[in-house]
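Student: Predicted model, plus sequence, below.
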Amino acid sequence: MWAVASLAISILHSALALFRGRQEQAIVELALRQQLAVYAQRHRRPRLSPLDRAFWVALSRFWPRWRSALLVVQPDTVIRWHREGFRRYWRSISVPGPGRPPLSEDTRTLIVRMATENRWRARKIQAELSKLGIHVSLATIS
């Protein structure tokens with residue numbers, strides 16, 4: 001009984017394929033060929049490479065009926081891969097940069113000493129430090 005129902009469903013899917021457009025049929029064929037390539041590996045359980053995962057994530061973004069052609073993994077798995085890739089992308093671009101180089105303790109004490117003893121402002125202290133070969137920004141001195 002189960003085999004007959006399975007055969008009927010397969011025939012129905014094949015009949016529906018006759019009404020697909022050329023572009024959608026090409027996408028379905030591409031998806032099925034990719035899955036065959038995964039199954040052609042000589043492992044009991046096919047292993048998906050990062051390129052295979054990227055293929056399914058991209059296909060899920062551009063083809064609305066991608067779930068119908070998916071046989072290798074569960075659709076929720078593809079959605080999880082997409083979310084992980086999105087998180088990795090944003091984490092990689094939000095790494096803080098090197099920032100301002102640290103100021104040595106000697107330079108800090110010299111700046112404070114110049115400001116208190118001479119009552120100089122930041123521009124004067126910056127000019128005097130540059131004469132000594134110490135290049136510090138105005139914002140750092142302020």
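Tutor: Perfect, thanks for sending it.
Student: Going by C-alpha atoms from here, please, whenever you check contacts or count neighbours.
Tutor: Noted.
Student: what's the helix or strand for the residue positioned nearest the centre of the chain?
Tutor: By CA atoms, centre = their mean, the mean C-alpha position of the chain lies nearest to residue 89, the distance being 2.5 Å. Residue 89 is part of helix 75-93, with elements assigned from DSSP states H and E.
Student: So what touches that helix?
Tutor: Outside of helix 75-93, the residues within contact range by CA atoms under 8 Å, 6 or more residues apart in numbering are 53, 56, 57, 60, 67.
Student: Next up, the contacts around residue 121.
Tutor: Taking CA under 8 Å, 6+ apart as the test, what residue 121 contacts is residue 115.
Student: Could you list the domains of this structure?
Tutor: Here the domain assignment for the chain is 2-93, 105-141, based on automatic domain parsing.
Student: With distance to residue 99 and mean pLDDT added, can I get those domains in JSON lines?
Tutor: Shown next, in JSON lines, are these (distance: least, CA to CA, whole Å; pLDDT from 0 to 100):
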{"stretch": "domain 2-93", "distance to residue 99": "15", "mean pLDDT": "76"}
{"stretch": "domain 105-141", "distance to residue 99": "12", "mean pLDDT": "90"}
